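Student: The amino acid sequence is not available; the structure is as follows:
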C-alpha cells in the first residue's frame, strides 16, 4: 500500500525501521563529449544513420561476470543505434579508440569536489564498468574516480560524500520490443559527474534536502548543464529484514520522499508475508511507485581502461583552483535580488530553482518578476484558491505557458487559468485566452464609461476584468480607466 496521507507517514519511525539511505547524483557538464571532440548538443532532425549490434558480457578484474550483466545478456536482445553526424563520430560507435579525456570536464568536476570538501586523488585512472543493456555501444561505461571523503552540512548533521566520479553519459532509449532495444546516441559520451553520498541520510524529507543542497552546489559552478534531463538522482535505501534497493530515474526532487515511502511500504509488506527480498535496481515511475529493472551490480563489473593513460593531478593545480572557487548560490541572494529586481523573500525561494534563470534568458519578453511570480506564487495561489495540488505541475507545463505569454498569445492574467486547466486535465483552447489589443481595450472601456457614467474607477475596472477575464492586464485597465473617468 502506497503511503498517501501525512498522518500515516508520521507514524513511521525510520530509526526503528533500521532505515539506511544514500544518494547518487548524476549531472551533465561541459560543452563537448568526454572522449571525443563532438559537441554536447541535441539534434531534433531525423537521424542520419542507423546501426545494429549485439553485446556480450565479459569478466571483470575479479575473474567473474557481473550478475546484472548476466541478467541483461539472458534477455538475448539486439540493439539498434541511431545518431546524427553533427554530434557523434566513430568514438560513439566504438570504431576508433577514445581521445584524451576532456580537460574542461575534469576541471569542472574538481571544482565541484572542492566545494564539497572532498580530497582530490593524485592520479585519475579511467576504468571500464560492464553495461550490456545496450545503453553503451561498447558494452561498458568509462568512469574515473576524481575525489573522496567530502561532506555537506544539513539540518540533520553532516552527510559524507563517499566518491565523486567523472563518467560518460549513456545513450537514450527510444523504443523497446521483445526482440530489440532502439537507442539514440546523441547523448552518449556527454561528460557526467557522479556524486555518491554515504547511507547516513535520516529520513525521506532529509534525502530531498541533501539532493537539493548538492544541486545548489552544482549550479554554483560554471559549465554545469541546465534544463530537463540534464540531472538525475538515484536513491539507495534499505530497512531491517529487507534488502538494498537502488531506485533510478528521479527528475524532480519533490518526488523523492513519496517514492522512498512507497519502497519502504513494499519491503515491509514482503517482510510481513515472509518473502525473501533480494538487492535490486528499480525504476521510479510517474505515479510515484517503483518497478523492477535488474539485480544490483557488484564489483565484478569493473576493469581497467587500456586505451587511456592515467592523469596526474598536481598539488599546485589544486591550490590554484581553490583560489578561484565560485560563490555558492545560497550566498548570492543579494546579487540575485538586484540582478533580477525581485524582492529578497522571492530571491531566497528562487536561488535554488533550476529553471528560473533558464526561463528568464529564454523568455526575454517577460519581466523577471513576472516569471518569478509564475514559478513561486501562482502555484501557492492555485493550491489556496482552487484546492488543487499545484506540485503536480511539471517543468514542461511552466515552459509551455511561459512560451504562450512570451509570444503574446495570452495575457499574464490567463496563466493561472491555464495551469488550473492542466491540473484538471481539461483541453486548452488558446482562443479563449487570446490577449485583447490595447486599442480594443481602450475603445471598450471608453464605451463602458459613456454607458454607465458616475461609477468609481474600481467599478469600471471590475466590469472590464469580468468581461475579459484572462485576456487583459489589470494594470493597463486601470491606466485607461483613469484616463477617461
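Tutor: Everything's here; your move. It should be emphasised that the depicted structure is a prediction, and the values quoted were computed from it without experimental measurement.
Student: C-alpha only now, for contacts and for neighbours.
Tutor: OK.
Student: if I look at residue 269, how far off is residue 409?
Tutor: Using C-alpha to C-alpha, to the nearest Å, one obtains 51 Å as the distance from residue 269 to residue 409.
Student: More neighbours: which of the two?
Tutor: Neighbours of residue 269 and residue 409, each counted by other C-alpha atoms under 10 Å, are more numerous for residue 409; the result is 19 against 13.
Student: So the more buried one sits against residue 430, correct?
Tutor: Yes: under the criterion of C-alpha atoms under 8 Å, residue 409 is in contact with residue 430, at a separation of 7.4 Å.
Student: Which strand residues bridge residue 234?
Tutor: As for beta bridges, residue 234 partners with residue 24 under DSSP bridges.
Student: That one: what's it in contact with?
Tutor: With contact set as C-alpha atoms under 8 Å, 6 or more residues apart in numbering, residue 234 has these partners: 23-25, 246-250.
Student: any idea how far residue 196 is from it?
Tutor: Residue 234 sits 9 Å away from residue 196, going by C-alpha to C-alpha.
Student: Give me the common contacts of those two.
Tutor: Here residue 234 and residue 196 share the contacting residues 23-25, scored by C-alpha under 8 Å, 6+ apart.
Student: and of the residues you listed, the nearest to residue 343?
Tutor: Minimum separation from residue 343 among these (C-alpha to C-alpha) is found for residue 25, which lies at 31.1 Å.
Student: pLDDT wise, what is that closest one at?
Tutor: In this model, residue 25 is scored at 96, pLDDT.
Student: ok, it - how many residues close by?
Tutor: Counted with other C-alpha under 10 Å, residue 25 comes out at 20.
Student: how near is it to residue 55?
Tutor: 27 Å.
Student: cool, residue 403 as well?
Tutor: Looking at residue 403 against residue 55, where the rule is C-alpha to C-alpha, the gap reads 43 Å.
Student: Can you classify the closest residue to residue 136 other than its chain neighbours by secondary structure?
Tutor: In space, residue 136 comes closest to residue 170 once its chain neighbours are excluded; the distance is 5.7 Å by C-alpha to C-alpha, 6 or more residues apart in numbering. Secondary structure assignment for residue 170 (DSSP: H, G, I helix; E, B strand; the rest coil): coil.
Student: Quick check: phi and psi at residue 170.
Tutor: Dihedral angles phi and psi of residue 170 (degrees, to the nearest 10) take the values phi -90, psi 170.
Student: Report the contact partners of it.
Tutor: The contact partners of residue 170, by C-alpha under 8 Å, 6+ apart, come to 135-136, 141, 185, 187-190.
Student: got a pLDDT number for it?
Tutor: The score at residue 170 is 95. That number is its pLDDT.
Student: swap in residue 469?
Tutor: For residue 469, the pLDDT comes out at 61.
Student: can you tell me which strand in this structure is longest?
Tutor: Taking DSSP state E as the criterion, the chain has its longest strand at strand 140-154.
Student: Relative to that strand, what are the paired strands and their orientations?
Tutor: Here strand 140-154 is paired, per DSSP bridges, with strand 119-120 (antiparallel), strand 126-130 (antiparallel), strand 157-168 (antiparallel).
Student: Identify the residues contacting the first one?
Tutor: For strand 119-120, the surrounding residues in contact (C-alpha under 8 Å, 6+ apart) are 110, 113-114, 146-150.
Student: I'd like the next helix or strand past it.
Tutor: Moving toward the C-terminus from strand 119-120, the next helix or strand (DSSP states H and E) is strand 123-124.
Student: ok, now the last one?
Tutor: Next in sequence after strand 157-168, counting helices and strands by DSSP H and E, comes strand 172-176.
Student: From the contact counts, what lies against that following strand?
Tutor: Helices and strands in packing contact with strand 172-176 are listed as strand 180-184; criterion 3 or more C-alpha pairs under 8 Å, 6 or more residues apart in numbering; DSSP states H and E.
Student: which SS state does residue 193 fall under?
Tutor: Using three-state DSSP as the criterion, the local structure at residue 193 reads strand.
Student: returning to what we had before: need the strands paired with strand 140-154 in a markdown table (columns: distance to residue 443).
Tutor: Converted to a markdown table, these look like this (distance: least, C-alpha to C-alpha, whole Å):
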| stretch | distance to residue 443 |
| --- | --- |
| strand 119-120 | 69 |
| strand 126-130 | 69 |
| strand 157-168 | 61 |
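Student: Of the ones you listed, which shows the lowest average pLDDT?
Tutor: Mean pLDDT is lowest for strand 126-130 among the strands paired with strand 140-154, at a mean of 92.
Student: And that one, how far out from the chain middle?
Tutor: Strand 126-130 sits 25 Å away from the centroid of its parent chain (C-alpha atoms, centre = their mean, to the nearest Å).
Student: How about residues contacting it?
Tutor: Strand 126-130 is touched from outside by 57-58, 60, 66, 69, 139-145, 301-305, 308-310, with contacts defined as C-alpha under 8 Å, 6+ apart.
Student: Skipping adjacent residues, who's closest to residue 108 in space?
Tutor: Closest residue to residue 108 apart from its sequence neighbours, by C-alpha to C-alpha, 6+ apart: residue 223 at 6.8 Å.
Student: Quick one: list the elements packing against the longest helix anywhere in the chain.
Tutor: With residue count as the measure and DSSP state H as the assignment, the chain has helix 368-386 as its longest helix. Under the contact criterion of 3+ C-alpha pairs under 8 Å, 6+ apart, helix 368-386 touches helix 344-350, helix 356-362, helix 415-423.
Student: quick one, whichever helix or strand comes after that helix and helix 415-423 angle?
Tutor: Next in sequence after helix 368-386, counting helices and strands by DSSP H and E, comes helix 395-406. Here helix 395-406 points in a direction 140 degrees away from that of helix 415-423 (axes from the mean of the first three to the mean of the last three C-alpha atoms, to 10 degrees).
Student: Could I get the buried residue list for helix 395-406?
Tutor: Buried residues in helix 395-406, defined by neighbour count with 16 or more other C-alpha atoms under 10 Å: 398, 401-406.
Student: Which neighbouring elements make contact with it?
Tutor: Taking 3+ C-alpha pairs under 8 Å, 6+ apart as the contact definition, the neighbouring helices and strands of helix 395-406 are helix 415-423.
Student: chain center to the helix it packs on: distance?
Tutor: 23 Å.
Student: Show the pLDDT at residue 43.
Tutor: On the pLDDT scale, residue 43 is placed at 91.
Student: Would you mind listing the residues in contact with it?
Tutor: For residue 43, the contact set (C-alpha under 8 Å, 6+ apart) comprises 84, 86-87, 186.
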